[in-house]
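1. Model the structure of this input:
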Amino acid sequence: MPTAPTLRLSHLRLRNGLQFEYAEQGPRGGPTVLMLHGITDSWRSFEPVLPLLPAHWHVVALSQRGHGGSDKAPRLYRTEDFAADAAAFARALDLAPMIVVGHSMGAANALRLALDAPELVQGLVLAGAFARFGDKEALRAFYREEIAPLVDPVPPALARAFQLDTVAQPVAPDLIEAMVDESLRAPAHVWRAAFAALFDDHFSSELQRLDVPTLIAWGDADAFVPAEDTAALSAAIARSRVSVYGGTGHALHWEQPERFARELVAFVVGLRRALAA
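-> From the prediction side, this is the model:
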């Protein structure tokens with residue numbers, strides 16, 4: 001059985017003054033993959049997948065601003081702010097050309113990144129991706145009732161309920177505990193600002209401009225993203241295809257990490273073959 005690649009945890013300060021936490025594995029020279037997590041998560045969202053990826057890949061999982069061990073900026077948690085961070089981070093580490101994997105909010109940030117800095121992005125893999133946030137009344141109600149009034153410390157019960165809502169099948173209890181802990185590392189102002197900024201939809205109206213191979217992975221038991229959003233993304237992004245995970249929820253990379261890793265590998269291998277042809 002192949003040996004799992006060694007994971008290294010590092011920090012990098014960008015020119016905007018913010019320091020970012022990231023996990024990295026594999027040598028430079030192979031395929032480069034940048035992973036962007038969902039709201040209130042961190043790089044640890046991809047822990048179930050990372051050991052399953054080829055050891056010769058260069059994989060970087062970033063804790064985005066306000067999340068995990070990255071700096072907690074006082075404001076600016078819009079999609080374009082996260083995407084600008086990712087672009088600056090990729091340039092600082094000379095990661096391009098890269099495949100960008102995004103989950104939920106991270107998928108929106110990946111789309112914005114590909115729109116704003118297409119020269120950096122070779123392919124997109126979107127998991128639990130929204131086509132729009134602003135038209136989700138249940139999400140708006142959750143924000144109004146649970147998030148907008150938040151003050152520090154963030155209640156552990158809220159973080160736990162939020163994480164549990166992302167899965168439809170049982171996952172390892174230690175994974176849920178880890179992600180609850182990561183959610184609690186984000187202070188109340190980050191929860192409020194990041195959720196509020198989602199509704200601006202700073203990516204959705206421009207999706208037809210995208211010209212990059214894209215894999216859209218969606219669980220048909222996703223409590224947040226309806227089938228209509230997956231269909232809308234597929235229709236808007238010309239070079240996309242959809243993979244449906246039966247009986248699987250929003251965090252499909254937690255519920256089916258082996259399948260997600262296999263499909264990511266197949267996507268990257270196919271992309272590199274096409275580029276070499």
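2. quick one: average confidence on the longest helix seen in the chain?
-> Ranked by residue count and defined by DSSP state H, the top helix of the chain is helix 257-276. Within the predicted structure, the mean pLDDT of helix 257-276 is 95.
3. Give me the buried positions along that helix.
-> By neighbour count with 16 or more other CB atoms under 10 Å, helix 257-276 contains the buried residues 257, 259, 260, 261, 263, 264, 267, 268, 271. (Each C-beta comes from the backbone N, C-alpha and C, glycine too.)
4. Which residues are in contact with residue 203?
-> Contacts of residue 203 were listed using CB atoms under 8 Å, 6 or more residues apart in numbering, and they are 79, 108, 111, 112, 115.
5. One more: residue 66?
-> Residue 66 makes contacts with 72, 73, 77, 186, 187, 190, 193, 194, as judged by CB under 8 Å, 6+ apart.
6. Now do the contacts for the residue lying closest to the fourth one once chain neighbours are set aside.
-> Take residue 186 and drop its neighbours on the chain: the residue closest to it by CB to CB, 6 or more residues apart in numbering is residue 40, 5.0 Å away. Contacts here follow CB under 8 Å, 6+ apart; on that basis residue 40 touches 67, 159, 162, 182, 183, 186, 190, 191, 194.
7. And residue 171, by the same measure?
-> Contact criterion CB under 8 Å, 6+ apart gives 251, 254, 255 as the residues in contact with residue 171.
8. tally of neighbours for residue 62?
-> Neighbour count of residue 62, defined by other CB atoms under 10 Å: 29.
9. Repeat that for residue 124.
-> Residue 124: 25 neighbours (other CB under 10 Å).
10. Is it in contact with residue 214, as I believe?
-> Yes - in this structure residue 124 lies within contact range of residue 214 using CB atoms under 8 Å: 4.3 Å.
11. List the buried residues in stretch 195-211.
-> Residues 195, 197, 198, 201, 202, 203, 204, 207, 210 are the ones in stretch 195-211 that count as buried (16+ other CB under 10 Å).
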